[in-house]
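Student: Just to be clear, the model below is a prediction. Sequence and coordinates:
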Amino acid sequence: MEGGVMAKSIEIQGIAGTSRILVGEPLRNMGAWLPAGKRIMLTDSNVRRYYPSVFDPEAVIEVGSGEKVKDLETMRFIFERLVELEADRSSFLVGLGGGVVCDLTGFTASIYMRGIPFGLVPTTLLAQVDAGVGGKNGVNFAGYKNMIGTFTQPEFVLCDPQFLKTLPPGEIACGLAEIIKHAAIEDRELFSFLEDQVPAVLRLDPPVMENLVYRSLSIKAAIVGGDEREKGERRKLNFGHTLGHALEKVTGLSHGEAVSLGMVLAVDLSVKKGILQDSEGDRLKSLLQRFGLPVRLSFSVDRVTAALKLDKKREGEKLHFVFLKGIGSCEVKEIGLEELVRMVSEIIG
Ligand SMILES: NC(=O)c1ccc[n+]([C@@H]2O[C@H](COP(=O)([O-])OP(=O)(O)OC[C@H]3O[C@@H](n4cnc5c(N)ncnc54)[C@H](O)[C@@H]3O)[C@@H](O)[C@H]2O)c1
């Protein structure tokens, strides 16, 4: 607690334990959530440069920054450092950084000495509303994203809004794409709030951002709580991502930009299938545009469909595709890969 303001708390009941998510909790209060024993922090070089004073130099593991470090080589480096630091099963690992650090921390902690406890302090908007929460972790392998990893819940996720201040605008846009996704699939009222608050969001107004992070996380936590292993309900969170991942791979767009276009395509497909009214789809496109996210589709269909075919989410010849039924409501339907490819080709032309 700081200045009389209580952090908002959300719980996820995972198969192997409970994860507590604290929104609006300042980092300086982290000690209250840490057990006794050795504490080791994992971060990336960028975050450490921005926030040097939050790390104890004796117990920090620093990796490089960016998606390129999310691999087995970096895992090996982290394990070596953990051994050097004499980390044992009573040690606690804290990942402080963006989604890459969160994914590396969760994966490392879940397998080092058959599992040590860990917590996350996500420092990007994307990691606060998405990557840091839900228990998925992992690294990229053989050109595929998140090919190797586990489902393991962190003991806590501490979202401190102070970290958002140093984020470049592109990183903010990535997080906004996920917040818009959460609102679009599940919460019409949050969507309207976003429409009303565009200027406040763009200037990162703290109470508005805290509210957005909390409401967005509540949606993700409720979905994950009911389906930790992504056998049903959790698939909804892939809205915009099936095609978004393929676009990210072949266009060089950032994750947020690719997800934005993935949502636009999913909306067009939903209208084409007669599931969604045009006007509802236009609301989504307009909101994305107001936040500076791309909505115009112009890319090579062949390259995107080739990437789609390679996507790991492909389940045999059928995919679970998330269609929008209206703002705040979606439906996961099985669709044949060939049918999806044909429909995408018809839309892009
Ligand atoms: N596990 C999941 O459920 C899940 C969900 C979504 C995304 N992800 C993963 O998350 C990753 C993307 O996350 P990301 O966008 O946070 O990327 P990231 O971790 O690479 O961070 C983006 C950049 O911002 C820098 N940065 C981080 N915090 C900062 C701060 N406060 N101020 C200034 N710069 C800062 C980082 O050093 C990096 O350069 C991907 O690997 C993706 O697969 C995982």
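Tutor: Okay, I see it.
Student: From now on I want contacts and neighbour counts done on CA atoms only, so please keep to that.
Tutor: Noted.
Student: so where's the stretch 1-150 of the chain uncertain?
Tutor: 1-5 (pLDDT under 70).
Student: Spell out which parts of it neighbour the ligand.
Tutor: By the criterion of CA under 6 Å from any ligand atom, the positions of the stretch 1-150 of the chain lying close to the ligand are 44, 46-47, 65-67, 97-101, 103, 123-124, 126-127, 130-131, 134, 136-137.
Student: Moving C-terminal from the helix or strand hosting residue 288, which element do we reach first?
Tutor: Using DSSP states H and E, residue 288 sits within helix 278-290. The C-terminal neighbour of helix 278-290 among helices and strands, as given by DSSP H and E, is helix 301-310.
Student: neighbouring contacts of that next one?
Tutor: With contact meaning CA atoms under 8 Å, 6 or more residues apart in numbering, helix 301-310 is reached by 242-243, 245-247, 249-250, 314, 337, 341, 344-345, 348.
Student: Please state the mean pLDDT value computed over that helix.
Tutor: Confidence for helix 301-310, expressed as mean pLDDT, is 78.
Student: Buried residues, it. List them.
Tutor: Residues of helix 301-310 classed as buried by neighbour count (16 or more other CA atoms under 10 Å): 301, 304-305, 307-309.
Student: same thing with stretch 131-144?
Tutor: 131-140.
Student: so of these, which ones are in strands?
Tutor: 139-140 (DSSP state E).
Student: measure the closest residue in space to residue 289 that isn't next to it in sequence to residue 65 for me?
Tutor: The shortest distance from residue 289 to any non-neighbouring residue, by CA to CA, 6 or more residues apart in numbering, is to residue 295 (6.5 Å). Plainly put, residue 295 is 28 Å away from residue 65 if you go by CA to CA, to the nearest Å.
Student: cool, and residue 120?
Tutor: From residue 120 to residue 65 the distance is 17 Å (CA to CA).
Student: in this structure, which helix has the most residues?
Tutor: Determined from DSSP state H, the single longest helix within the chain is helix 206-226.
Student: How about residues contacting that one?
Tutor: 8, 10-14, 23-24, 128-130, 133-134, 161, 179, 182-183, 186-187, 190, 197, 200-201, 230, 233-234, 237.
Student: just the buried members of these?
Tutor: Buried among those (16+ other CA under 10 Å): 10-14, 23-24, 128-130, 133-134, 161, 179, 182-183, 186-187, 190, 201, 233-234, 237.
Student: just to revisit the earlier point, residues of the longest helix of the chain that come out buried?
Tutor: 206, 208-210, 212-226.
Student: Mind listing residues that contact the helix or strand following that helix?
Tutor: Using DSSP H and E, the helix or strand that follows helix 206-226 towards the C-terminus is helix 241-251. When contacts are defined by CA under 8 Å, 6+ apart, helix 241-251 is touched by residues 253-255, 258-263, 265-266, 299, 303-305, 307-308, 311, 313, 321.
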